[in-house]
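1. Got a predicted structure here, sequence first:
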Amino acid sequence: MNIKNKILYQKVFKIFKKYKLSSKHAIISTDALINAELVGAYGHGLSRLKMYCDRISKKVINPNPKIKIKKISPSISHIDANNSIGFVAADLGIKTAIKHAQKTGIGMVAVKNSGHYGLSGYYAEQAVKKNLITMIFTNAPPAVAPHGALKSLFGTNPICFGSPTGSKIPFILDTSISVINRGKIRVAARKNQSIPTGVALDKFGKPTTDAKKALAGVQLPIAGFRGSGLAWMVDILSGVLTGGNHAGRVKDPFDDFSGPQNIGHLFIAFKANLFQKNYKQRIKDNIKIVKKLPKIKGVKEIMYPGQNKFNRYKTNLKKDISIPDVIKKDLEALIS
């Protein structure tokens, strides 16, 4: 099924309103969800809408949270999101970090009692548009086994970095520490599609291309023990540091309704010209040098992180959004 962007937006907004989000919070959540579809990150888009609504219905997401902000210093704040939907907590987190950075040069905001917030890169873009460099960390439910372990404990724990480039296309590195993100595996499982080799093991520790067996088993980290170390680092920064759950205690949003997730996030933003006033020219030179390197056969252009997503967004914004039948059924059931 193909649907116009504007109509889809209205449907998703109505669904969030039906599930008792305020108009302001429904707009924030709809913006983030539709953005994921437009950049082609389908594992973070409409495929998760039913999950958010189920968690609201089961009272493990608070649709009307009383969020508290504790200002620790002119540059640092700590947010208790009161089990809000993750989009709302993250939106407040990055906006608070931006506000601090604009006033003092640097802002750092820790968030606890949040939930899954979609794409880290979506929030990074907000900071980059204000001429800020940003780093964002968040943890996730167990999916990746620590190096040497058979049992999953760490999440796919995204790491995100954003920088202005002196052009309209920002540098946004938004990557999980797993070979592929868990959302892609969930989408493949719902569509009965296989996943690539080398990304997951089944529950017996054997390599698998079966998406459902991968969800029951473990995902493999990037770069072996180095990826495992990065996952651990993110768990410390976004879980231990913030007051969020950590060490495998983040609940699976699709399957575990025994309580809130209490995911933690860490948002850091600082002025790009803190140390070098000509940062924009320096980053332009940096990108230019890399792009002028000799290219391997079949490569037309050396792309920096964020370029592909920017191009997909521009292309998809002009056309109808394609929705798989399984997602269409979700929408129809949720809006009825």
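-> Arrived safely, thanks for sending. Residues are numbered from 1 along each chain as shown.

2. pLDDT score assigned to residue 319?
-> Note on residue 319: pLDDT of 92.

3. which element is residue 230 on?
-> Using DSSP states H and E, residue 230 falls within helix 225-235.

4. With residue 243 instead?
-> Counting by DSSP H and E, residue 243 is found in no helix or strand.

5. now the residue nearest to it when sequence neighbours are not counted, which residues is it bridged with?
-> Nearest non-adjacent residue to residue 243, counting by CB to CB, 6 or more residues apart in numbering: residue 112, 3.9 Å away. For the C-beta atoms, the positions are set from N, CA and C on the backbone; glycine is no exception. Beta-bridge pairing of residue 112 under DSSP bridges involves residue 80.

6. and residue 112, how many neighbours?
-> By the criterion of other CB atoms under 10 Å, residue 112 has 22 neighbours.

7. list the contacts for the nearest residue to residue 174 once chain neighbours are set aside?
-> Nearest non-adjacent residue to residue 174, counting by CB to CB, 6+ apart: residue 121, 3.4 Å away. Contact analysis of residue 121 by CB atoms under 8 Å, 6 or more residues apart in numbering lists 39, 160, 162, 172, 174, 306, 309.

8. Same question for residue 323.
-> Contacts of residue 323 by CB under 8 Å, 6+ apart are 1, 2, 3, 8, 46, 331.

9. Try it again at 6 Å.
-> 1, 3 (CB atoms under 6 Å, 6 or more residues apart in numbering).

10. which phi and psi does it have?
-> phi -120, psi 120 (degrees, to the nearest 10).

11. From residue 317, how far off is it?
-> Residue 323 sits 16 Å away from residue 317, going by CB to CB, to the nearest Å.

12. which other residues reach the helix holding residue 230?
-> By CB under 6 Å, 6+ apart, helix 225-235 touches 137, 139, 144, 146, 147, 154, 157, 177, 221, 246.

13. Can I have the buried ones of the residues you listed as a PyMOL selection?
-> A single PyMOL command selects the buried members of the contacts of helix 225-235 (16 or more other CB atoms under 10 Å):
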select buried, resi 137+139+144+146+154+157+177+221+246
